[in-house]
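Novice: Just the structure for this:
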Amino acid sequence: MTALNSDYTGCSIMIYDKTNTHSGSSVVTQHNKDTQKIVVEEAPSSLKVGDSCRILILSSPKPCEYQGRMISENPKTIIVIHHGREREGRGAVRYSIKSPAFIENLICASRAYRLHSPLEVELINISKSGVRFRSQYYSLLDGDRFQMRMKINNIEKLLIADVVNHMDIDAETSEYGCRFLIGSEKVV
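Specialist: Okay, the predicted model is just below:
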């Protein structure tokens, strides 16, 4: 089954204008797979009827991104998803997000570690295939696997990811680029 045939009802959605500026976040309250129209709980006030937008739908098993256009069928706010705009594989567009998240479990050197208390990190950006975050005093290595809990639009997501690369910013702060594992997401 391709993502275009998935039902996005209940999924969180991040909406960006044509310059890739984050305009707002919402929840999909209805999705018509035949017409590829989605109804969102709340549309960003910066986007008007007829404006093009880029959307990132935080769906399972992994997020999907599309080009769309805002249309209005009062009193609902509707976005039309354009077919053929789903991005697959590497090179997925990353979208800025400033939000806390928590690492709850680690798998390092083939050993699982349940953390006594979750490690708080700050999300920097997210795409359908991965996430980048900043942390202080934590030392993850490339290849380490972890479980991360994040909250977007009051919906919590629990994801499993691998560290692909990291960069030390200073003696106390590092940034990590991570890849989601397919099928790792579950809504909690």
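Novice: Which stretches in this structure count as helices?
Specialist: When secondary structure is read from DSSP state H, the chain shows no helices.
Novice: contacting residues for Leu115?
Specialist: 103-106 (C-beta atoms under 8 Å, 6 or more residues apart in numbering). C-beta: built from backbone N, CA, C; applies to glycine.
Novice: Show the buried residues in those.
Specialist: 103, 105-106 (16 or more other C-beta atoms under 10 Å).
Novice: Export the contacts of Leu115 to CSV and append columns for distance to Gly177 and pLDDT.
Specialist: As requested, these are arranged in CSV below (distance: C-beta to C-beta, whole Å; pLDDT from 0 to 100):
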residue, distance to Gly177, pLDDT
Ile103, 15, 90
Glu104, 20, 87
Asn105, 20, 87
Leu106, 17, 86
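Novice: looking at the sheet around Asp168, what are its partners?
Specialist: Asp168 has these beta-bridge partners by DSSP bridges: Ser174.
Novice: now do Ile57
Specialist: Here Ile57, judged by DSSP bridges, has bridge partners Ile13, Cys64.
Novice: can I assume it is in contact with Tyr8?
Specialist: Yes - look at Ile57 against Tyr8 with C-beta atoms under 8 Å: they come within range, at 5.2 Å.
Novice: anything in contact with each of the two?
Specialist: Joint contacts of Ile57 and Tyr8 (C-beta under 8 Å, 6+ apart) are Val28.
Novice: domains of the protein?
Specialist: As given by automatic domain parsing, the domain ranges for the chain are 3-81, 95-187.
Novice: Check which residues of the strand ranked longest in the chain are buried.
Specialist: Ordering each strand of the chain by length in residues (DSSP state E) puts strand 111-126 first. In terms of neighbour count (16+ other C-beta under 10 Å), strand 111-126 has its buried residues at 119, 121, 123-126.
Novice: Which neighbours in the sheet does that strand have, and how are they oriented?
Specialist: strand 95-108 (antiparallel), strand 130-136 (antiparallel).
Novice: Among these, show me which one is buried the most.
Specialist: Highest mean neighbour count among the strands paired with strand 111-126 (mean count of other C-beta atoms under 10 Å): strand 130-136, with a mean of 20.
Novice: quick one on the thing from earlier: for the buried ones among the contacts of Leu115, give me TSV that also has distance to Thr77.
Specialist: As requested, the buried ones among the contacts of Leu115 are arranged in TSV below (distance: C-beta to C-beta, whole Å):
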residue	distance to Thr77
Ile103	35
Asn105	38
Leu106	41
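Novice: Any regions of this protein where pLDDT drops low?
Specialist: By pLDDT under 70, the weakly predicted segments of the chain are 1-5, 60-62, 73-76, 82-92, 109, 182-188.
Novice: let's see 50
Specialist: Applying pLDDT under 50 to the chain picks out residues 1-2, 83-90, 186-188.
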